[in-house]
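Trainee: Fold the stuff below for me.
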Amino acid sequence: MMNMQLNISAVRKLIAEKQLTQKTLAKLIGVHPQNLSTILRRGTCSLKTGGLLADALGVAIEDIWKEG
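Mentor: Residues are numbered from 1 along each chain as shown. Here you go, the predicted structure:
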């Protein structure tokens with residue numbers, strides 16, 4: 001399974017701009033809040049989850065992708 005590096009600062013900024021709680025965002029992308037917390041702490045997730053996260057935040061996946 002391919003994992004992607006997230007631009008955590010961009011993700012956190014989008015979460016704040018959209019006034020989402022981690023619990024609400026987790027529900028939107030279909031993961032347990034603890035799993036989302038782990039994703040945000042580690043800065044990695046599967047490509048599928050990255051896509052769901054981007055969709056939930058209303059951005060393209062490239063907007064939350066951390067360049068190597």
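
Trainee: does residue 41 sit in a helix, a strand or a coil?
Mentor: Under the three-state scheme (DSSP: H, G, I helix; E, B strand; the rest coil), residue 41 adopts helix.

Trainee: How many residues are close by it?
Mentor: 9 (other C-beta atoms under 10 Å). The way it works is simple: take the backbone N, C-alpha and C, and place the C-beta from them, glycine included.

Trainee: Now do the same contact list for the residue nearest the centre of the chain.
Mentor: Note on the chain: the residue nearest the mean C-alpha position is residue 53, at 4.3 Å, using C-alpha atoms, centre = their mean. Neighbour list for residue 53: 6, 11, 25, 29, 39, 45, 64 [criterion: C-beta atoms under 8 Å, 6 or more residues apart in numbering].

Trainee: Phi, psi for the first one please.
Mentor: According to degrees, to the nearest 10, the main-chain angles of residue 6 amount to phi -100, psi 150.

Trainee: Need the nearest residue in space to it, chain neighbours excluded.
Mentor: Distance criterion C-beta to C-beta, 6 or more residues apart in numbering; nearest residue to residue 6, sequence neighbours excluded, is residue 43 at 5.1 Å.

Trainee: In contact with that neighbour, which residues?
Mentor: 5, 6, 8, 66 are the contacts of residue 43 under C-beta under 8 Å, 6+ apart.

Trainee: Quick check, the last one in contact with residue 9.
Mentor: Put plainly, it is residue 66. No - using C-beta atoms under 8 Å, residue 66 makes no contact with residue 9, being 9.3 Å away.

Trainee: Specify which residue of those two has the higher count of neighbours.
Mentor: residue 66 (14 against 11).
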